[in-house]
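**Q** below: sequence and its predicted model.
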Amino acid sequence: MRLRARPDAPGPVPDPAAAVRDLTVDLGGEPVLRGLDLEVRGGEVLSLVGPNGAGKSTLLSALAGDLAPASGEVELWGRPIGDWHPARVARRRAVLPQAHRVSFPFTVAEVVAMGRAPWNGTPAAGEDAERIAEALALAEAESLAGRAFTSLSGGEQARVMLARIIAQQAGLVLLDEPTAALDLRHQEMVGRLCRELAERGSAVVAVLHDLDLAGAYSDRCALMDRGRIAACGKPVEVFDAERIGEVYRQPVKVETDPDTGAPRVTPVR
């Protein structure tokens, strides 16, 4: 099943889809991100990897426009994110947070339908039913459609929230630890869906802790360390054993998967 792009304006969408320029973000009076420069391109999967506290989720929140920078700039399609009307931002970017909080017993189908809210009142609203059904199928959540979201397991909820993101059809997709609650099969499903979203032209940014998953499905990886980007490039370029060991403070060995050519990182025990 192929996803289709849904631009919110006619004509080509310029690249980069999003960028940070000399970005510094403070939390609690302390700098969490320090002078970052990064571009996110349409048609690629960019993974943010690094140890706990490196600033990955903070960077994702800044790209989403949810955190104001102390200095520097966040751009969305070539313009400062603050210059965009909120409705257009909502159509252009979708955000999957770490926590899945739904206070009322909405059905799964209703939760996925929330992803279509930015298109209310536009011609695209006529596609809502088709897009919701497609998203449920891609996230392997069709059988859950009539159940209350609050009755689901953590992994089931994660898949439903991913379906909500797919239904939105945004050009910039920001995923914060999308595989955290998922089993092996569905972790791989997330990787494939990230690739599918990129192939339809979206820019996909995912915070991942599984380096093998990042190496297998990403076009680029940004390795973060203490609020800075230690390295950014193709996984085979970034996943150097010495560099990974230094950033994570854990010796590792890096090997090449004989079937895919992707790097595989194993702790030295």
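**A** Thanks, I have it.

**Q** what's the helix or strand harbouring Cys194 packed up against?
**A** Here Cys194 sits within helix 184-199, counting by DSSP states H and E. Helix 184-199 sits against strand 45-49, helix 154-168, strand 172-176, strand 203-207, helix 211-217, with contacts defined as 3 or more Cβ pairs under 8 Å, 6 or more residues apart in numbering; DSSP states H and E. (Glycine included, C-beta is placed from N, CA and C.)

**Q** okay, the fourth one in PDB with CA atoms only?
**A** Backbone C-alpha positions of strand 203-207 (Å, rounded to 0.1, in the frame of the first residue of the first chain) are rendered in PDB as follows:
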ATOM      1  CA  ALA A 203      11.200  14.500   5.800                       C
ATOM      2  CA  VAL A 204      11.300  12.000   8.700                       C
ATOM      3  CA  VAL A 205      13.200  12.700  12.000                       C
ATOM      4  CA  ALA A 206      13.200   9.900  14.600                       C
ATOM      5  CA  VAL A 207      14.800   9.800  18.000                       C
END
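
**Q** in its sheet, what does it sit against?
**A** Sheet pairing of strand 203-207 (DSSP bridges) gives strand 45-49 (parallel), strand 172-176 (parallel).

**Q** tell me which of these lies nearest to Leu60.
**A** For Leu60, the closest of those is strand 172-176, at 5.3 Å, according to Cβ to Cβ.

**Q** residue contacts, the residue lying closest to Ala214 once chain neighbours are set aside?
**A** Excluding the flanking residues, the one nearest Ala214 by Cβ to Cβ, 6 or more residues apart in numbering is Ser47, at 3.9 Å. Residues near Ser47 by Cβ atoms under 8 Å, 6 or more residues apart in numbering: Val205, Ala206, Val207, Leu208, Ala214, Tyr217, Ser218, Arg220, Cys221, Ala222, Pro235.
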